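Participant: attaching a predicted model along with its sequence, questions to come.
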Protein chains: 2
Amino acid sequence: MTTIERRGFMLVLSSPSGAGKTTLSRLLMQNDGNLVMSVSSTTRKPRPAEVHGKDYYFIDEAEFEQKIDEKFFFEYAEVFGNYYGTPRSKVENSIAEGKDVLFDIDWQGTRRLTSKARDDIVSIFILPPSMEELERRLRSRGQDEDDVIKRRMARAKDEISHWNEYDYVIINTDVDASLQNILYILKAERLKRTRRHSLPDFINELMK
Amino acid sequence: MTTIERRGFMLVLSSPSGAGKTTLSRLLMQNDGNLVMSVSSTTRKPRPAEVHGKDYYFIDEAEFEQKIDEKFFFEYAEVFGNYYGTPRSKVENSIAEGKDVLFDIDWQGTRRLTSKARDDIVSIFILPPSMEELERRLRSRGQDEDDVIKRRMARAKDEISHWNEYDYVIINTDVDASLQNILYILKAERLKRTRRHSLPDFINELMK
């Protein structure tokens, strides 16, 4: 079968906590063989249940600053006194090989990536069906105090207010339907003309 | 289920004759319930097998010019002494209702549409797997003289040289796979944030 080789892209998923982004990221990695996951580095302290190498690479400030000097990061920033950065090699190598790189990041990370590589970004915002449903999901985890829930809802509202900076928007009422929708977006984006870097030979002949 | 109302778009399919565009258009209309077909008007004479109201509305110059005066056309142009135009009402009404409008047109028609409404256009170029396969398909229709085939191949080459003016590119090796790919593009484009004109109420509340 004739295929056209292409450049990969960065698939960015953002959503407020509780809207289902983490579940969807896991399902995507299981259901699409051409995705690799990007894991950011940070100097902030791990939250409960966060795992080094999976949620973030948790490193100290000295190491982060050394990596900055070594041009280790594709992009980095300081947010509220903590560093956040995207390791460069995985992103650049994957894209060059025609792999797509999945990012599970917030609106600030998305803005930084976009400012670096607009044409290589495909960004999706996952919305909860309602704020009531979002609060219900946050509460059903059962482990948090009321004031923690309140802070999370405030953070969720802030995140949601940036929904209109994204290429696509999905309302996550049903996880399976949302997964299908993201897979459709992946399949379509892989057919974009601008990502092609090799053409069938006969096109090259015609263009001479 | 929560849905977000959206604006429709114009799905443009172009390809050289013989690459499978007509078959794919027919299959798309059968497989997607949200598509309506746009039929252009022209003053050129019908070719053998072309049907009035299906391939084109074949009208005379006086009628075409009257319709120009009545602002009947979304866009029109004169090409090699013949008028071509897209009836306005079907396009504008369908898009406003969230329907998508399918166009089976050449690169010149695509350019005219795009210059009128870039944000509402999704354009796909269908490539044959090779020029040899294209010629084989043109010959297998069995009804044409050698010099007709030659003229068609020359026209095909001219059409193909514009492949890089399109949003997506599909190599039509297998009709079913190509149909699936177009359906993926439709599903993804319907999730584009910029096509949304109504938001879930809670977003409006948050944005106040």
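Facilitator: Arrived safely, thanks for sending.
Participant: going by C-alpha atoms from here, please, whenever you check contacts or count neighbours.
Facilitator: Fine.
Participant: quick one: least confident helix or strand in chain A?
Facilitator: Ranking every helix and strand in chain A by mean pLDDT, DSSP states H and E puts helix A:201-207 at the bottom, with a mean of 75.
Participant: quick one: mean pLDDT over the helix or strand harbouring A:Ala156.
Facilitator: Applying DSSP states H and E as the criterion places A:Ala156 in helix A:146-160. Averaging pLDDT along helix A:146-160 gives 88.
Participant: other SSEs contacting that helix?
Facilitator: helix A:131-140 (3 or more CA pairs under 8 Å, 6 or more residues apart in numbering or on different chains; DSSP states H and E).
Participant: let's see that with 10 Å instead.
Facilitator: helix A:107-117, strand A:121-127, helix A:131-140, helix B:201-207 (3 or more CA pairs under 10 Å, 6 or more residues apart in numbering or on different chains; DSSP states H and E).
Participant: turn these into TSV, columns for distance to A:Asn172.
Facilitator: Shown next, in TSV, are those (distance: least, CA to CA, whole Å):
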stretch	distance to A:Asn172
helix A:107-117	18
strand A:121-127	6
helix A:131-140	10
helix B:201-207	14
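Participant: just name the most buried of those.
Facilitator: strand A:121-127 (a mean of 23; mean count of other CA atoms under 10 Å in any protein chain shown).
Participant: OK, contacts around the closest residue to A:Glu135 other than its chain neighbours?
Facilitator: Nearest residue to A:Glu135, sequence neighbours excluded (CA to CA, 6 or more residues apart in numbering or on different chains): A:Met153, at 7.0 Å. For A:Met153, the contact set (CA atoms under 10 Å, 6 or more residues apart in numbering or on different chains) comprises A:Pro16, A:Ser17, A:Gly18, A:Met131, A:Leu134, A:Glu135, A:Leu138, A:Asp147, A:Glu159.
Participant: closest to chain B among those?
Facilitator: A:Met131 (6.7 Å; CA to the nearest CA).
Participant: where do the strands of chain A begin and end?
Facilitator: Assigned by DSSP state E, the strands in chain A fall at A:10-14, A:35-37, A:41-42, A:57-58, A:73-79, A:82-87, A:100-104, A:121-127, A:168-171.
Participant: winner for burial among those?
Facilitator: Most buried among the strands of chain A, counting by mean count of other CA under 10 Å: strand A:10-14, with a mean of 26.
Participant: in chain A, where is pLDDT below threshold?
Facilitator: A:1-4, A:142-144, A:198 (pLDDT under 70).
Participant: again, only using 90
Facilitator: A:1-5, A:17-22, A:47-49, A:79-80, A:118, A:129-153, A:155, A:195-208 (pLDDT under 90).
Participant: residues in contact with the residue nearest in space to the middle of it?
Facilitator: Closest to where the C-alpha atoms of chain A average out (CA atoms, centre = their mean) is A:Phe103, at 2.2 Å. Contacts for A:Phe103 (CA under 10 Å, 6+ apart) come out as A:10-14, A:25, A:36-40, A:86, A:109-110, A:113, A:123.
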